[in-house]
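Participant: got a sequence here, can you build the structure:
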Amino acid sequence: MAELKMLNMLGAEAGTIELNDAVFAIEPNEFAVHAYVKNYLANQRQGTQSAKTRGDVRGGGRKPFRQKGTGRHRQGSTVDPTQVGGGVAFAPKPRSYRYAIPKKVKRLAMLSMLSSKLADNEMIVLDNLSFETAKTKEMIKVLANIGAAKKALIVTDHVDENVMLSAANIPGVQVTWVGQVNVYEIINHTSLILTQDAAKKLEEVYA
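Facilitator: Model prediction:
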């Protein structure tokens, strides 16, 4: 098992934590990560775009001008896509972009990113992270003490409102918990900050 030093909220060492190699030290699989991110972004799409086809545009019932003798090309409708004010050819319509990928691919993508963050020294483990009241200044101090990057993802073992509210107004900082963390969020943030309990719970879930 890999050992990683833990920090406290003041940035001082607070012992070490052993991390399961099956979760934090696998060979990252780029295909799984790519498949997960592509699926995640597709599922975020609303799919509400819409434009009118020639059947939706008002008009078009009468031939706009006679067939011959005008010097113009023949035209049978004012709503033809080639006409100004006509319909759109192959117009987009509301649709769902959602699709599913295998659970094993999702799991492999998560393990790959956790291992990648540890290997790249972008993972920070805190022995504890808690506030008596929600204060942004206190969270900023903690992030500065532990040397977190401007874009940081904080993962706790449970929903902690004080922690979430303390980070809510800090640009680039996001707080989530083990039950909701996803690969895209990990990729989108430079520093991955785990509490000790969150790291253990991740091992329970993915080991």
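Participant: please count neighbours and contacts with C-alpha atoms only from this point.
Facilitator: Fine.
Participant: direction included, what does the worst-scoring helix or strand of the chain on mean pLDDT pair up with?
Facilitator: Sorting the helices and strands of the chain by mean pLDDT, DSSP states H and E puts strand 2-7 at the bottom, at a mean of 87. Its sheet considered, strand 2-7 pairs with strand 13-19 (antiparallel), strand 123-126 (parallel) by DSSP bridges.
Participant: quick check: buried residues in it?
Facilitator: Within strand 2-7, the residues scored as buried using 16 or more other CA atoms under 10 Å are 4, 6, 7.
Participant: and the residue lying closest to residue 118 once chain neighbours are set aside, what pLDDT?
Facilitator: Distances taken as CA to CA, 6 or more residues apart in numbering put residue 24 closest to residue 118, at 6.7 Å, once the chain neighbours are dropped. The model reports residue 24 with a pLDDT of 93.
Participant: so what pLDDT did residue 60 get?
Facilitator: 82.
Participant: element containing residue 155?
Facilitator: Element membership for residue 155, per DSSP states H and E: strand 152-156.
Participant: what about the residue nearest to residue 118, how many neighbours?
Facilitator: 26 (other CA atoms under 10 Å).
Participant: same question, the one 4 residues further on
Facilitator: If you count neighbours by other CA under 10 Å, residue 28 ends up with 19.
Participant: and it, which of the three is it?
Facilitator: For residue 28, the assignment made with DSSP: H, G, I helix; E, B strand; the rest coil gives coil.
Participant: quick one: it and residue 117 touch, right?
Facilitator: No. Judged on CA atoms under 8 Å, residue 28 makes no contact with residue 117 at a distance of 10.1 Å.
Participant: not counting residues beside it along the chain, what's closest to residue 13?
Facilitator: Using CA to CA, 6+ apart, the nearest residue to residue 13 is residue 7, at 4.6 Å.
Participant: tell me what that neighbour is bridged to.
Facilitator: Beta-bridge partners, per DSSP bridges, of residue 7: residue 13, residue 126.
Participant: how about the contacts made by it?
Facilitator: 13, 14, 15, 124, 125, 126, 127, 146 (CA atoms under 8 Å, 6 or more residues apart in numbering).
Participant: pull out the buried members of those.
Facilitator: Looks like these have 14, 124, 125, 126, 127, 146 buried, using 16+ other CA under 10 Å.
Participant: out of the residues you listed, which one sits closest to residue 38?
Facilitator: Set against residue 38, the nearest of these by CA to CA is residue 124 (27.0 Å).
Participant: got the contact list for that closest one?
Facilitator: 6, 7, 146, 148, 191, 192, 193, 194.
Participant: the third one reaches residue 11, doesn't it?
Facilitator: Yes. Residue 146 is in contact with residue 11 according to CA under 8 Å; the separation is 4.5 Å.
Participant: center of the chain - which residue?
Facilitator: residue 184 (3.8 Å; CA atoms, centre = their mean).
Participant: a helix runs through it, doesn't it?
Facilitator: Yes. Residue 184: assigned to a helix according to three-state DSSP.
Participant: skipping adjacent residues, who's closest to it in space?
Facilitator: residue 37 (5.8 Å).
Participant: tell me the pLDDT at the one you found?
Facilitator: The confidence metric pLDDT takes the value 97 at residue 37.
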